[in-house]
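Student: show me how the following folds:
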Amino acid sequence: AFAGAGKPVAAICHAPWLLVEAGLASGKRMTSYKSIRTDVANAGAQVVEESVVVDGNIITSRCPDDLPDFCDAIVAAVADRRARA
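Tutor: The predicted model follows:
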């Protein structure tokens, strides 16, 4: 429902698996923990090696080392959504 409403949806580490299960990966540019990248790609995402990836309202990141970039992206997405409201 969040994704459908255009609200920010963020997933780090292995959490992009949830986006796969929810049918939200296809056609998206995403990243994830290395051990699930094949699954994310098989679900139709373009998988890239970056600390954080924002594609529309979907925000993904690789691992806890990327938390500063991941958190910055979430804050920016929420602030942008509030500004548009």
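Student: now Val53, which residues is it bridged with?
Tutor: Val53 has these beta-bridge partners by DSSP bridges: Thr60.
Student: my guess is it meets Arg29, correct?
Tutor: Yes - look at Val53 against Arg29 with Cβ atoms under 8 Å: they come within range, at 5.6 Å. (Each C-beta comes from the backbone N, C-alpha and C, glycine too.)
Student: which one's more surrounded, those two?
Tutor: Between Val53 and Arg29, counting by other Cβ atoms under 10 Å, Val53 is the more crowded of the two (24 against 15).
Student: all strands of the protein, in order?
Tutor: For the chain, strands defined by DSSP state E occupy the ranges 9-12, 29-30, 46-47, 52-55, 58-61.
Student: ranking these by burial, who's on top?
Tutor: Ranked by mean neighbour count, the strands of the chain are led by strand 58-61 with a mean of 26 (mean count of other Cβ atoms under 10 Å).
Student: give me the helices and strands touching that one, please.
Tutor: strand 9-12, helix 16-21, strand 52-55, helix 67-84 (3 or more Cβ pairs under 8 Å, 6 or more residues apart in numbering; DSSP states H and E).
Student: and the ones you listed, which is most packed in?
Tutor: Mean neighbour count (mean count of other Cβ under 10 Å) peaks for strand 9-12 among the helices and strands packed on strand 58-61, with a mean of 21.
Student: and stretch 29-46, which residues are buried?
Tutor: Met30, Thr31, Ser32, Tyr33, Ile36, Arg37, Asp39, Val40, Ala43, Ala45 (16 or more other Cβ atoms under 10 Å).
Student: now do the end-to-end distance for that stretch.
Tutor: As for stretch 29-46, its first-to-last residue distance stands at 5 Å under the measure Cα to Cα, to the nearest Å.
Student: please apply the same query to stretch 12-29.
Tutor: 14 Å.
Student: now that stretch, how far from the chain's geometric center?
Tutor: 7 Å (Cα atoms, centre = their mean, to the nearest Å).
Student: next one: stretch 65-77
Tutor: 11 Å.
Student: residues contacting Pro16?
Tutor: By Cβ atoms under 8 Å, 6 or more residues apart in numbering, the residues touching Pro16 are Ala25, Met30, Thr31, Ser32, Tyr33, Ile36, Val40, Ala45, Thr60.
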